[in-house]
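# give me a 3D structure for the following:
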Amino acid sequence: MSARDLPKPSRPAATTATVEQVDTSYLEGLLGYNARRAALAVIEVFMVRMAPYALRPVDFSVLSLITHNPGITSRQLCTALGIQPPNLVAMVNALEKRELIARKPHPRDGRAMGLHLTASGKKLMREAETTAVGLEADVASRLSATEAKTLIRLLQKVYL
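Numbering: from 1, shown residues only. Just a heads-up that it's a prediction; the model follows:
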């Protein structure tokens, strides 16, 4: 997309008239605006559905990576999720305090600790990931399976 393809800003009217209908056409032509609106819609449902598990989106992401990558290090988590190390430390400590994860010595790097789910962490993530599948289906209900896959692929092209 080139600069000429972006929506052109319009000049506001010089009158003090009231707005009868809000013109969002400029914003609707922006990738960031649309991505943020979609994210907010998904996160709103996520927060309601994950409330029983007391999981925020970032907690779910961290636990999901640990679920699917037992022994992952904090450094690897930071890289995969774009989280700053100081922010991850507090999160890992909180998840450990909830007895959802445990740190174990890394088999090849004596300075690193691998992160693993505990039995209660595994149970919680089985339930939470099942809930996530359902909420994804609900928020994507207006998309065909092909459209949903295409949307994911296109969004990944923006950030990967």
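# tell me the centre residue of the protein?
Pro57 (5.6 Å; Cα atoms, centre = their mean).
# tell me who's in contact with it.
43, 46, 50 (Cβ atoms under 8 Å, 6 or more residues apart in numbering). For glycine as for every other residue, the C-beta is placed from the backbone atoms N, C-alpha and C.
# list the buried residues of the host helix or strand of Ala39.
Applying DSSP states H and E as the criterion places Ala39 in helix 31-50. For helix 31-50, burial by neighbour count (16 or more other Cβ atoms under 10 Å) applies to 42, 46, 49-50.
# helices or strands up against that helix?
When contacts are defined as 3 or more Cβ pairs under 8 Å, 6 or more residues apart in numbering; DSSP states H and E, helix 31-50 sits against helix 57-68, helix 119-139, helix 145-159.
# now the angle between helix 145-159 and it, please.
Angle, helix 31-50 to helix 145-159, by axes from the mean of the first three to the mean of the last three Cα atoms, to 10 degrees: 120 degrees.
# who touches helix 31-50?
So helix 31-50 is contacted by 1, 27-28, 56-57, 60, 128, 131-132, 134-135, 138-139, 155, 158 (Cβ under 8 Å, 6+ apart).
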